[in-house]
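Student: my questions are about this predicted structure, shown below with the sequence.
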Amino acid sequence: MTTTASPPRRPSPSERRARRERLSTWITIGVVLVVCAVAALGAYGMANSWWVEDAPTASADQQLPDGQSRFDQAGLDFLNRQRHATVDVVDAASAGELGLPANGDTPVETLVPLTVDVRGSGGVISFPGVSWFAIATEQDRLTALTVTPASSTTWVAIRSDLEQRAAQWGWSESDLRDLQQNVGDAGREEGVAQTFRLPATPVDGMTVTAEVSVDEGGRISLRYVFAR
């Protein structure tokens with residue numbers, strides 16, 4: 001006598017739907033648990049990080065012992081955390097020690113506005129509210145620092161900044177009048193980018209130049225260039 005096995009029972013549509021819902025629930029719970037674990041690990045790591053310290057001490061790969069900033073990733077992280085960068089133009093360490101290439105231009109666009117201290121032979125020139133600066137190197141030496149000050153917004157603000165520095169840095173009223181005339185003429189020539197410079201002048205062992213640029217759309221910007 002032959003016994004015929006009955007075919008397996010197929011689940012009903014409602015049973016299949018319930019199974020899918022249970023599976024989806026467990027997947028969702030698993031994903032939430034993983035996310036929570038990662039967040040907890042991140043919070044623990046941040047709580048024990050110098051990022052949340054009130055006055056973190058710089059490590060050797062973040063800043064040189066004499067306070068000069070470094071510009072590789074570790075150094076950039078630290079100066080953004082401190083909102084402060086120090087660049088010694090006159091007596092700078094080697095490019096390698098500063099985390100810079102031996103030759104080239106290194107632009108730095110900060111995460112937050114910060115103060116850039118420019119060291120000369122005996123003093124410091126401070127620029128608060130800086131969001132962009134650049135460092136030029138050649139043959140493993142720092143050769144120039146370019147800073148866009150916070151005043152680089154409108155011509156009124158730029159001229160006020162230049163006037164405040166003119167007497168100390170050696171620019172004459174005639175220099176400023178000529179610059180204003182050139183900038184005004186350039187602003188009326190749409191579609192043409194132009195840059196104008198005040199005469200290079202010695203300041204605290206450095207050579208300083210002011211550059212005012214007018215782009216194709218008539219927008220104005222100011223940069224100070226400090227060279228050895």
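Tutor: Thanks, I have the structure now.
Student: list of residues touching stretch 143-152?
Tutor: When contacts are defined by Cβ atoms under 8 Å, 6 or more residues apart in numbering, stretch 143-152 is touched by residues 87, 89, 113, 116, 118, 127-137, 157-158, 160-161, 220-228. No exception for glycine: its C-beta is placed from N, CA and C like everyone else's.
Student: quote the end-to-end distance of it.
Tutor: One end of stretch 143-152 to the other measures 23 Å (Cα to Cα, to the nearest Å).
Student: show me what the helix or strand hosting A74 is in contact with.
Tutor: Element membership for A74, per DSSP states H and E: helix 73-82. With Cβ under 8 Å, 6+ apart as the test, helix 73-82 has contacts from 50-51, 56, 58-59, 61-63, 69-70, 85, 98-99, 108, 110-112, 114.
Student: again, only using 7 Å
Tutor: Helix 73-82 has contacts (Cβ atoms under 7 Å, 6 or more residues apart in numbering) with 51, 56, 58, 61-63, 69, 85, 99, 110-112, 114.
Student: among those, which ones are buried?
Tutor: For the contacts of helix 73-82, a burial check counting by 16 or more other Cβ atoms under 10 Å picks out 58, 62-63, 69, 85, 99, 110, 114.
Student: among the contacts of stretch 143-152, name the buried ones.
Tutor: Buried among the contacts of stretch 143-152 by 16+ other Cβ under 10 Å: 87, 89, 116, 118, 127, 130, 132-137, 158, 161, 220-226.
Student: among these, which are in helices?
Tutor: Taking DSSP state H, the ones among those that sit in helices are 158, 161.
Student: next step: the buried ones among the contacts of stretch 143-152 restricted to strands.
Tutor: Among the buried ones among the contacts of stretch 143-152, the members found in strands (DSSP state E) are 87, 116, 118, 127, 130, 132-137, 220-226.
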